[in-house]
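**Q** Quick one, fold the following:
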Amino acid sequence: MASNPLADIFRIRELRDRILFTVGILLIHRLGSHLPIPGINVNALQAYFLTQAGQNGLTITDYLDFFSGGAFSQFSVFMLGIMPYISMTIIMQLLLLVFPKLKKISQEEGGRKRIQRYNRYGTVLICLVQGFAVTVYADSIPNAITMSRGLYTFVSLLTVTTGTVFLMWLGEQINQRGIGNGISLIIFTGIVARMPRAVWSLIQAVQRDELNPVFVIVVLGMFVGVVALVIYEQRGQRKIPVHYAKRVVGRRMYGAQNTYVPFKINPSGVIPVIFASSIMVFPLQIAESLGQNVPWLANFARWLRPGGAPYLIIYTLMIIFFAYFYTQVTLNPVEISKNIRENGGSIPGIRPEKMEEYFTRILNRIILPGSLFLAFIAVIPTILQQLFGFPQDVAFLMGGTSLLIMVGVDLDLMSQIEGSLRMHHHEGLTKRGRIRSRNL
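**A** The predicted structure is shown next:
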């Protein structure tokens with residue numbers, strides 16, 4: 001009788017403990033998302049957001065609330081989520097390119113931990129800035145604050161900053177003692193937590209005759225096709241053949257080998273979309289929160305509102321930019337060519353001194369269609385909402401960053417589970433082939 005992979009997962013003690021530990025951490029994250037900041041009147045918040053729903057279209061508040069799993073609209077201790085850490089990671093990556101001395105530090109022994117420490121300090125600074133914007137935003141909501149303004153500002157800054165730092169620590173615990181990428185899983189749970197509400201919104205829209213059931217079924221079929229395309233695109237590779245000549249190491253001679261360098265169609269995975277979203281969210285949150293007292297900030301927030309033409313154009317361009325940027329950081333043609341030459345390798349038909357140019361040309365040809373595909377998936381929610389009238393929550397789930405993250409994290413998690421099963425001599429989750437993760 002063939003073994004059941006799902007049963008094998010819980011037969012392996014180490015894998016079972018890791019999965020249960022990860023589930024426990026994610027439950028803590030979800031509980032914290034419903035714990036409001038001290039000094040906040042939850043009833044006043046709910047009344048305010050109910051009156052604002054559907055009046056101004058998609059706002060930055062809706063965007064933040066969706067990716068935090070409802071934590072933002074509840075003003076919970078995790079309302080900022082993990083986005084400040086991601087924003088600081090982007091800034092640090094840019095600083096490593098701009099300042100050679102900082103890059104040299106990262107390459108030294110223990111330099112990675114030092115850079116990570118700088119990341120944490122920078123995250124705290126960003127949390128303080130965003131936390132202050134949140135206090136101003138709360139002050140504009142009638143009867144939302146139940147204590148003095150000064151005391152609330154101090155408590156709010158301390159609470160939301162501690163909440164984000166605690167989420168960072170939870171993510172690190174998952175990396176060390178759980179399974180999967182901790183930061184990605186925290187974002188993933190925030191998105192999945194909104195799925196029941198999205199499904200209920202779709203059912204209500206059909207019951208009110210706002211959407212044709214046949215049309216909904218057709219769109220859901222298209223959604224399945226989009227998911228299949230995303231998986232196919234993330235797993236697609238361009239294989240560059242490499243030939244290694246015979247060589248002598250010590251007293252042993254190693255024969256010639258033929259292998260290849262795998263370049264994914266989308267080498268950077270979902271990172272460009274997450275980076276672009278973080279960069280767009282940070283100034284918009286500041287502008288919308290402080291716009292009550294600063295007219296030009298209010299005008300800027302209206303001009304760059306999510307779903308508008310300026311937002312979509314800048315968002316698309318930033319996805320393409322970060323696709324090239326992150327690929328150059330992680331896949332350096334100079335280093336790849338150097339490693340191949342040092343190990344006696346060659347590419348058929350390409351001279352050794354032309355390897356860098358060849359790899360650069362191949363990467364540029366691959367990245368452009370991959371980044372355009374990511375940008376197309378990212379704007380699907382706006383198309384579904386504005387052209388077809390789909391509910392906002394449903395539109396977000398059927399495309400954009402949420403879809404890419406859900407598919408990517410799922411592939412990554414399944415890949416790690418399958419690796420653990422095969423390491424303990426069990427069958428994998430798939431009968432044919434292997435699951436390749438996106439390396440989020």
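**Q** and stretch 80-92, how far from the chain's centre?
**A** 11 Å (C-alpha atoms, centre = their mean, to the nearest Å).
**Q** With only the CA atoms kept, save that stretch in CSV.
**A** Extracted as CSV, the C-alpha positions of stretch 80-92 are listed here (Å, rounded to 0.1, in the frame of the first residue of the first chain):
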residue,chain,number,x,y,z
LEU,A,80,2.0,48.5,10.9
GLY,A,81,2.7,44.9,10.1
ILE,A,82,6.0,43.9,8.8
MET,A,83,6.1,46.5,6.0
PRO,A,84,8.5,48.9,7.9
TYR,A,85,11.1,46.1,8.0
ILE,A,86,10.7,45.5,4.2
SER,A,87,11.0,49.2,3.5
MET,A,88,14.2,49.3,5.5
THR,A,89,15.5,46.3,3.7
ILE,A,90,15.1,48.1,0.4
ILE,A,91,16.8,51.2,1.7
MET,A,92,19.7,49.0,3.0
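**Q** where along the stretch 151-300 of the chain do the helices fall?
**A** 182-192, 195-207, 213-235, 271-290, 295-303 (DSSP state H, counting those that start in this stretch).
**Q** Can I get these in TSV including mean pLDDT and mean neighbour count?
**A** Placement of C-beta: from N, CA and C, glycine included. Formatted as TSV, these follow (pLDDT from 0 to 100; neighbours: other C-beta atoms under 10 Å):
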stretch	mean pLDDT	mean neighbour count
helix 182-192	85	23
helix 195-207	80	15
helix 213-235	78	14
helix 271-290	76	22
helix 295-303	79	14
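**Q** now these in a markdown table, with distance to Tyr85?
**A** Formatted as a markdown table, the helices of the stretch 151-300 of the chain follow (distance: least, C-beta to C-beta, whole Å):
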| stretch | distance to Tyr85 |
| --- | --- |
| helix 182-192 | 7 |
| helix 195-207 | 24 |
| helix 213-235 | 24 |
| helix 271-290 | 9 |
| helix 295-303 | 24 |
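**Q** between the ones you listed, which one is nearest to Met92?
**A** helix 271-290 (11.9 Å; C-beta to C-beta).
**Q** for that closest one, packing partners?
**A** Helix 271-290 sits against helix 60-67, helix 83-98, helix 111-139, helix 295-303, helix 309-330, helix 355-388, helix 400-423, with contacts defined as 3 or more C-beta pairs under 8 Å, 6 or more residues apart in numbering; DSSP states H and E.
**Q** I'd like those laid out as TSV, including distance to Phe215.
**A** Putting the helices and strands packed on helix 271-290 into TSV (distance: least, C-beta to C-beta, whole Å) gives the following:
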stretch	distance to Phe215
helix 60-67	23
helix 83-98	34
helix 111-139	37
helix 295-303	32
helix 309-330	24
helix 355-388	8
helix 400-423	20
